[in-house]
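> Turn this into a model:
(one chain, ligands or ions: 1)
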Amino acid sequence: METFRLENKNIVITGASSGFGHHFSAVLAKAGARVVLGARRIDKIEARVAEIRAAGGEALGVTLDVRNNDSINNFLERAEQAFGPIDVVINNAGVQAGAKTYMMIDAADWDFVMETNLKSAWLMAKAYTERVVKNAQPGGNIINISSITDTRTIKGQFPYAVSKGALTRMTEVLALEAAKYRIRVNALAPGYILTDVSRLLLESDHAAEFINGIPMRRVGEFSDLDGPLLLLASDASSYMTGSVLVVDGGHICASL
Ligand SMILES: NC(=O)c1ccc[n+]([C@@H]2O[C@H](COP(=O)([O-])OP(=O)(O)OC[C@H]3O[C@@H](n4cnc5c(N)ncnc54)[C@H](OP(=O)(O)O)[C@@H]3O)[C@@H](O)[C@H]2O)c1
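Just a heads-up that it's a prediction; the model follows:
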């Protein structure tokens, strides 16, 4: 359907050096978007940019540390210089502290996870909104990559699950407050998909039992996220804001 196409849309993606962000960048470029990829490992970003360009897409890579406001502003500035006003921001960068409980983490673990997964989304939303206003853009679109751990989790995901619970709530509060700038804010909440964030659990001795608890009896594939991502990034979701799209094989319907 035409409304799902992304021609003439400029989309920036944080955490695009691996996992979801790496995958999303090519999916969005293939749907017609000009994509700007950000993360700390610039070698991986540049490799992905080269692949997208080789496939006929338009892409730019910029070093980005989402914990640093100057780095966020530089990322958005470079994106605008290259392609013009930004239509969609995808807050995807995220980290785990390892399989730790609240008794096992220290203050440095807390700050590392909260600054990367949560504070960054607010900093990015604020910097992006300033640009939407300055450019007199007709609107904007923010997609936060949350997680089903925002509502249901297992022991040993502290403070990751706390950060995702707050990120989902932030999505709703931002949607309320950003509507006056005609900026839509939605979240994608994936279940478990094998990446560096989930490897510890999905490659553990408990993995088979854990996967058995997912109604669809499998973990997700990257491609399971493509349709929901294109919905949120495109005009097909023009009346959606404050929504959380859960893509988890039914996992949150069962006890985790
Ligand atoms: N995998 C799952 O099962 C699952 C499920 C639900 C939600 N998620 C969420 O999906 C998102 C992507 O994670 P993933 O599973 O794809 O894991 P991943 O492969 O480890 O990707 C994480 C990405 O975040 C980037 N990143 C980390 N710290 C950063 C920082 N300070 N500044 C900029 N980029 C930073 C990393 O790049 P650099 O290290 O190069 O900076 C990397 O590209 C995360 O928000 C995660 O919580 C994952």
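> correct me, but Phe4 touches Pro228?
No: using Cβ atoms under 8 Å as the test, Phe4 is too far from Pro228 to be in contact (11.1 Å). Just so you know, the C-beta spots here come from the backbone N, C-alpha and C atoms, and that holds for glycine as well.
> which of the two has more neighbours?
Regarding Phe4 and Pro228, a neighbour count based on other Cβ atoms under 10 Å identifies Pro228 as having more, with 18 against 15.
> who's in contact with that one?
Contacts of Pro228 were listed using Cβ atoms under 8 Å, 6 or more residues apart in numbering, and they are 188, 245, 247.
> Could you dump the residues you listed into CSV with neighbour count and pLDDT added?
Converted to CSV, the contacts of Pro228 look like this (neighbours: other Cβ atoms under 10 Å; pLDDT from 0 to 100):
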residue, neighbour count, pLDDT
Leu188, 25, 98
Leu245, 19, 98
Val247, 18, 98
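> low-scoring stretches of this protein, by residue?
Segments of the chain classed as low confidence (criterion: pLDDT under 70) are 256.
> Name the residues of it found near the ligand, please.
Taking Cβ under 6 Å from any ligand atom as the contact definition, the chain meets the ligand at 14-21, 39-41, 64-67, 92-95, 116, 145, 147, 190, 192-193, 195-198.
> Please pick the buried ones from those.
Among the residues of the chain next to the ligand, those classed as buried by neighbour count (16 or more other Cβ atoms under 10 Å) are 14-21, 39, 64-67, 92-95, 116, 145, 147, 190, 192-193, 195, 197-198.
> Now stretch 64-84: buried residues?
Of all the residues in stretch 64-84, those buried under the rule 16+ other Cβ under 10 Å are 64-67, 71-72, 74-76, 78-80, 83.
> Out of these, the closest to Tyr181 would be?
For those, the minimum distance to Tyr181 (Cβ to Cβ) is 15.0 Å, reached by Leu76.
> That closest one sits in which helix or strand?
Of the helices and strands defined by DSSP states H and E, Leu76 is found in helix 69-83.
> Show me what that helix is packed against.
Counting contacts by 3 or more Cβ pairs under 8 Å, 6 or more residues apart in numbering; DSSP states H and E, the secondary-structure elements packed against helix 69-83 are strand 10-14, strand 34-39, strand 58-63, helix 120-134.
> Kindly compare burial across the ones you listed and name the winner.
Mean neighbour count, computed with mean count of other Cβ atoms under 10 Å, is highest for strand 34-39 among the helices and strands packed on helix 69-83, reaching a mean of 28.
> next SSE after that one?
Note on strand 34-39: by DSSP H and E, the next helix or strand toward the C-terminus is helix 42-54.
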